[in-house]
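>>> no sequence for this one, just the structure:
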């Protein structure tokens, strides 16, 4: 897809196998999508989550797609909420036009059957490439450093588009390595907008129930009473910081029974507390993925570390915008613009989940 406009969400010519379109996204008949997946055969199942199953399919025009079939609820209230959420997702994805976001090619809403049709991304997720195993039980091949930088920058660009260029803005709410899909060696795309939320330009935040994946959830989701959890675009920024940390360490978001952000904090502190940290020093070796074998660009690694710190350890209101992260990763902005030596006050035992000390609280 390099050099081409990412999303052509609908074709100009009508086709007999489609229903009338809604919200700018073509609508398919249930029978067409059932046939495309072999009647939702287990042999075509790509994965399963809390909201439904995903199947590989082939449309009548030969296009290979991934079809997400949402769960049907026997409880009427839950089913009504699921329908409303589905309609919201269709409304959201109809507005997205970006090369780093998975293309949506259609949907189906047929009574209890709710399906979304996505472009099929054949090269698996970032999580698979970092930690997955092949069909022979071997670890997946290592991702080299230039590819990791492209993944970081492409994801940052996609999020910057959602947060700053979409009207109204969109908060993804479930950024994680499972939802970052590798289109090919050069391209990646953000997928799964099932719990995303439109965000009016006039709003600074909304209160929300906890959603998304716990290991990537920001600390503002962990207040004492469990109520009035704050949702802003900075929630995605925090989750993106976890993804960057996974790219650096090749460790899971929960590592050694604790959040990766907590495990990594003292190791990152060694780099951030000095202007001339030697990344080859013995005290840094546990931070970096051993599969890299020290074959990385040191300036780029420092930039990624500064981005991690700014995304994860700064108070919510002080986290950078994704457009700033893009500029730092592109080497158009100095890292000190998003994290300077004075910010080391945010690195302390328990950060980022413990309450901030009173004198540096952002609330």
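Cool, the structure landed. Model, not experiment: these values are computed from the prediction.

>>> shaky segments in the stretch 1-150 of the chain?
Counting by pLDDT under 70, the low-confidence segments of the stretch 1-150 of the chain come to 1-24, 49-51, 111, 123, 132-137.

>>> which parts of the stretch 1-150 of the chain are strands?
Ranges of strands within the stretch 1-150 of the chain are 18-22, 25-28, 45-49, 52-58, 64-70, 104-110, 113-119, based on DSSP state E, counting those that start in this stretch.

>>> make JSON lines out of the ones you listed and add mean neighbour count.
Using the backbone N, CA and C atoms, a C-beta is placed for each residue, glycine as well. Rendered in JSON lines, the data for the strands of the stretch 1-150 of the chain read as follows (neighbours: other C-beta atoms under 10 Å):
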{"stretch": "strand 18-22", "mean neighbour count": "14"}
{"stretch": "strand 25-28", "mean neighbour count": "21"}
{"stretch": "strand 45-49", "mean neighbour count": "13"}
{"stretch": "strand 52-58", "mean neighbour count": "20"}
{"stretch": "strand 64-70", "mean neighbour count": "22"}
{"stretch": "strand 104-110", "mean neighbour count": "22"}
{"stretch": "strand 113-119", "mean neighbour count": "22"}
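
>>> which one of those lies closest to residue 339?
Judged by C-beta to C-beta, the one of those that comes nearest to residue 339 is strand 45-49, at 33.9 Å.

>>> between strand 52-58 and the closest one, find me the angle.
Relative orientation of strand 45-49 versus strand 52-58 (axes from the mean of the first three to the mean of the last three C-alpha atoms, to 10 degrees): 160 degrees.

>>> tell me how far strand 45-49 lies from the chain's centre.
Put simply, strand 45-49 sits 17 Å off its chain's centre (C-alpha atoms, centre = their mean, to the nearest Å).

>>> which strands or helices does it pack on?
Applying 3 or more C-beta pairs under 8 Å, 6 or more residues apart in numbering; DSSP states H and E, one finds that strand 45-49 makes contact with strand 52-58.

>>> direction included, what does the strand it packs on pair up with?
Pairing partners of strand 52-58, with direction, according to DSSP bridges: strand 45-49 (antiparallel), strand 64-70 (antiparallel).

>>> and the last one, how far out from the chain middle?
For strand 64-70, the separation from the chain centroid amounts to 19 Å (computed by C-alpha atoms, centre = their mean).

>>> coming back round to it: can I get the strands paired with strand 52-58 in TSV with distance to residue 108?
What follows is those, written out as TSV (distance: least, C-beta to C-beta, whole Å):
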stretch	distance to residue 108
strand 45-49	17
strand 64-70	9
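
>>> between those, which one is nearest to residue 28?
Residue 28 lies closest to strand 64-70 among these, at 9.2 Å (C-beta to C-beta).

>>> for that closest one, which outside residues touch it?
33, 36-37, 40, 46, 51-59, 82, 86, 105, 113-122, 192, 194 (C-beta atoms under 8 Å, 6 or more residues apart in numbering).

>>> circling back: can I get the strands of the stretch 1-150 of the chain in JSON lines with distance to residue 326?
Listed next are those as JSON lines, based on distance: least, C-beta to C-beta, whole Å:
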{"stretch": "strand 18-22", "distance to residue 326": "33"}
{"stretch": "strand 25-28", "distance to residue 326": "28"}
{"stretch": "strand 45-49", "distance to residue 326": "29"}
{"stretch": "strand 52-58", "distance to residue 326": "29"}
{"stretch": "strand 64-70", "distance to residue 326": "27"}
{"stretch": "strand 104-110", "distance to residue 326": "24"}
{"stretch": "strand 113-119", "distance to residue 326": "23"}
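
>>> identify whichever of the ones you listed lies nearest to residue 309.
Closest approach to residue 309 among those is made by strand 45-49 (30.6 Å; C-beta to C-beta).

>>> contact partners of the closest one?
Outside strand 45-49, the residues that touch it by C-beta under 8 Å, 6+ apart are 53-56, 66.

>>> out of those residues, which is nearest to residue 317?
Comparing the contacts of strand 45-49 against residue 317 with C-beta to C-beta picks out residue 54 as the nearest, at 36.1 Å.

>>> any idea what that closest one is bridged to?
Using DSSP bridges, the bridge partners assigned to residue 54 are residue 47, residue 68.

>>> and residue 296, which helix or strand is it part of?
Taking DSSP states H and E as the definition, residue 296 sits outside all helices and strands.

>>> how about it, nearest residue that isn't a chain neighbour?
Nearest-residue entry for residue 296: residue 145, 4.0 Å, with adjacent residues in sequence omitted and distances by C-beta to C-beta, 6 or more residues apart in numbering.

>>> returning to what we had before: for residue 216, which of the strands paired with strand 52-58 is the nearest?
With C-beta to C-beta, the closest approach to residue 216 among these belongs to strand 45-49: 14.1 Å.

>>> what's the closest of the strands of the stretch 1-150 of the chain to residue 273?
Across these, the minimum distance to residue 273, taken as C-beta to C-beta, is reached by strand 45-49, at 39.8 Å.

>>> re the thing from before, distance to residue 331 added to the contacts of strand 45-49, as TSV?
Written out in TSV, the entries for those read as follows (distance: C-beta to C-beta, whole Å):
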residue	distance to residue 331
53	42
54	37
55	41
56	39
66	35
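
>>> measure the nearest residue to residue 307 once chain neighbours are set aside to residue 32 for me?
Setting aside the residues directly before and after it, residue 307 is nearest to residue 325 in space (C-beta to C-beta, 6+ apart), at 5.3 Å. From residue 325 across to residue 32, the span is 41 Å (C-beta to C-beta, to the nearest Å).
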